[in-house]
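1. with the sequence up front, the predicted model follows.
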Amino acid sequence: MSSFSPYLISWNTTKRCNLKCRHCYLDSDALTKNDPSELTTEEGKRLIDQIAMVNPATMLILTGGEPLVREDIFDLSSHASKKGMMVVFGTNATTLDDKTAKEMIKAGVAGVGISIDSASPKYHDEFRGMEGAWEKAMEGIESCKRHGIEFQIQTTVTTANYNEIPAIIELSHKLGSRVFNLFFMVCTGRGQDITDISAEQYEETLRLLLDIQDKYKNMMVTARCAPHFKRLAYEKDPESPITKAAGYTGGGCLAAFHYCRITPEGDVTPCPYIPTAVGNVKNESFVDIWNKAGFFQNMRRPKLTGRCGDCEYEYICGGCRARAYAAKNDIMAEDPWCKYEPVKIGHKIKPQTTPPIPPLVRGGEGGVVSWSPEAEERLNKVPYFLKGMVKKAVERYAKEKGQNEVTVALMEEVRKKSGRPSFTK
């Protein structure tokens, strides 16, 4: 696996959607508008095959639009799962019923991210553009729970729901979510029409997330599209797991280093908020695009300017490249939504990376923990940047129980005790 292998890929499988959310970066079309330019089933499977050539253990997020309106979505997810990928759906859950949940399990879907934008049904419905959207999403969550599908709640912070973030986190915990992801919008698509929160509110919200984590021991609370989160975590505690968990070289942002987005039409971009297409999988192999695209190569050798270039946290945070690009049309410019002023110009704090993963042992003796083939197969589906932590936790638990072999059942025990998301199905 190269140093720039994709750990995480988001594929917008379609623009079609049954909602009309105010913030959608895709400016998604109505449900009836089927676009022939979107990747076909055959093209989608070929794309999945090519992703597997780069990293068969990547986490593949199938989103939209609304992925569940795509007729072949389970065919595609099954193909990816069989290749060894951790497949996750990003959905509004309004059409997620018991039948759909059963199809997800059959297709090897590891979990779903469900969008909830308010603890108030009224505001959520207004934001999502459909009366009853909140209630249908709640029904979708219950279907997941009935069928044992792991789910996480995803919220986009705006000026309208900024003050109720604690209430949404509390709701997520009560619902049984394993993870709460708070997304910070970069204004593109229909999101251009929404007033973003201020830079001061941005930082205040990130501090809130750090402080609130200890309150929910069995639910991970984290920020997305917010590289500053790692800087604030480091300021609070240099040994914080947040500063080391990802173990990547790209500071606080994965884009082009270990993450990319694929549009419904097959364009590959660094992230959903950086519109620059570096290639199209209809015409080029994803392998070549990932390894050779010039724009990606430039992002992997960053020469940041302004405060980001001067900042001592450049290698830990690096600022949001999408915000810089949107504001200055310069991918290396300073992040305009960061109010931090560098105090140690010239000094750079080195990121704390995850140590290499020791090889697994078969047939352990004398206190050495071995792994069964089935357990090893499940571990290999864990995203690389989490695999070391999972391996260490499971082996420690096995030793505490006096067992010298890790089995799938033992892994499930650890998962249930930790309250963390599944080590894939």
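-> It's in.

2. show me this structure divided up by domain.
-> Here the domain parsing of the chain from the TED database is 8-301, 370-418.

3. so T276, which of the three states?
-> Here T276 is coil, with the state taken from DSSP: H, G, I helix; E, B strand; the rest coil.

4. tell me how far it lies from A322.
-> 10 Å (CB to CB, to the nearest Å). Backbone N, C-alpha and C define where each C-beta goes, glycine included.

5. the helix or strand bottoming out on mean pLDDT in the chain packs against which elements?
-> Sorting the helices and strands of the chain by mean pLDDT, DSSP states H and E puts helix 241-244 at the bottom, at a mean of 68. On a contact count with 3 or more CB pairs under 8 Å, 6 or more residues apart in numbering; DSSP states H and E, helix 241-244 meets helix 228-236.

6. buried sites along the helix it packs on?
-> Buried residues in helix 228-236, counted by 16 or more other CB atoms under 10 Å: H228, F229, K230, R231, L232, A233, Y234.

7. with distance to K282 and pLDDT added, can I get those in JSON lines?
-> Compiled in JSON lines, the buried residues of helix 228-236 are given as follows (distance: CB to CB, whole Å; pLDDT from 0 to 100):
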{"residue": "H228", "distance to K282": "36", "pLDDT": "90"}
{"residue": "F229", "distance to K282": "35", "pLDDT": "90"}
{"residue": "K230", "distance to K282": "36", "pLDDT": "88"}
{"residue": "R231", "distance to K282": "39", "pLDDT": "91"}
{"residue": "L232", "distance to K282": "41", "pLDDT": "91"}
{"residue": "A233", "distance to K282": "40", "pLDDT": "88"}
{"residue": "Y234", "distance to K282": "42", "pLDDT": "89"}
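
8. which residues are in contact with each of T276 and A322?
-> By CB atoms under 8 Å, 6 or more residues apart in numbering, T276 and A322 have these common neighbours: P270.

9. give me the more crowded residue out of these two.
-> A322 (24 against 15; other CB atoms under 10 Å).

10. nearest to R207, of the buried residues of helix 228-236?
-> The nearest member of the buried residues of helix 228-236 to R207, counting by CB to CB, is L232 at 6.1 Å.

11. ok, that closest one - contacts?
-> Taking CB under 8 Å, 6+ apart, one finds E203, L206, R207, L210 in contact with L232.

12. at 6 Å what do you get?
-> By CB atoms under 6 Å, 6 or more residues apart in numbering, the contact list for L232 reads L206, L210.

13. same question, P264
-> Shown in contact with P264 (CB under 6 Å, 6+ apart): N12, T14, K15, E38.

14. could I get those residues as TSV with secondary structure and pLDDT?
-> Formatted as TSV, these follow (DSSP: H, G, I helix; E, B strand; the rest coil; pLDDT from 0 to 100):
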residue	secondary structure	pLDDT
N12	strand	95
T14	coil	94
K15	coil	89
E38	coil	95
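
15. of those residues, buried ones?
-> Buried by 16+ other CB under 10 Å: N12, T14, K15, E38, out of these.

16. from G294, how far off is G108?
-> 35 Å.

17. neighbour count winner among those two?
-> Between G108 and G294, G108 has the larger neighbour count (other CB under 10 Å), namely 21 against 9.

18. for the stretch 251-400 of the chain, what spans make up the helices?
-> 286-292, 294-300, 306-310, 321-328, 373-379, 384-400 (DSSP state H, counting those that start in this stretch).

19. indicate which one of the ones you listed is closest to I73.
-> Comparing the helices of the stretch 251-400 of the chain by CB to CB, helix 286-292 comes nearest, at 19.3 Å.

20. report all helices and strands that that closest one contacts.
-> helix 41-54 (3 or more CB pairs under 6 Å, 6 or more residues apart in numbering; DSSP states H and E).

21. C-terminal to the helix it packs on, what's the next element?
-> Tracing the chain C-terminally past helix 41-54 and defining elements by DSSP states H and E, one meets strand 59-63 next.

22. which residues sit in contact with E314?
-> E314 touches K348, counting by CB under 6 Å, 6+ apart.

23. any idea how far R231 is from it?
-> In this view, E314 and R231 are 10 Å apart by CB to CB.

24. do the same with M53
-> Look at M53 and R231: by CB to CB, they are 35 Å apart.

25. just V406 next, same as before
-> According to CB to CB, V406 and R231 sit 36 Å apart.

26. quick one on the thing from earlier: possible to save the domains of the chain as CSV with distance to K350?
-> Shown next, in CSV, are those (distance: least, CB to CB, whole Å):
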stretch, distance to K350
domain 8-301, 11
domain 370-418, 17
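
27. out of those, deepest packed?
-> Among the domains of the chain, ranked by average contacts under mean count of other CB atoms under 10 Å, first place goes to domain 8-301 (a mean of 19).

28. start to end distance for that domain?
-> For domain 8-301, the first-to-last residue distance is 20 Å (CA to CA, to the nearest Å).

29. for that domain, the distance to its chain's centre please.
-> The chain centre lies 6 Å from the centre of domain 8-301; the measure is CA atoms, centre = their mean, to the nearest Å.
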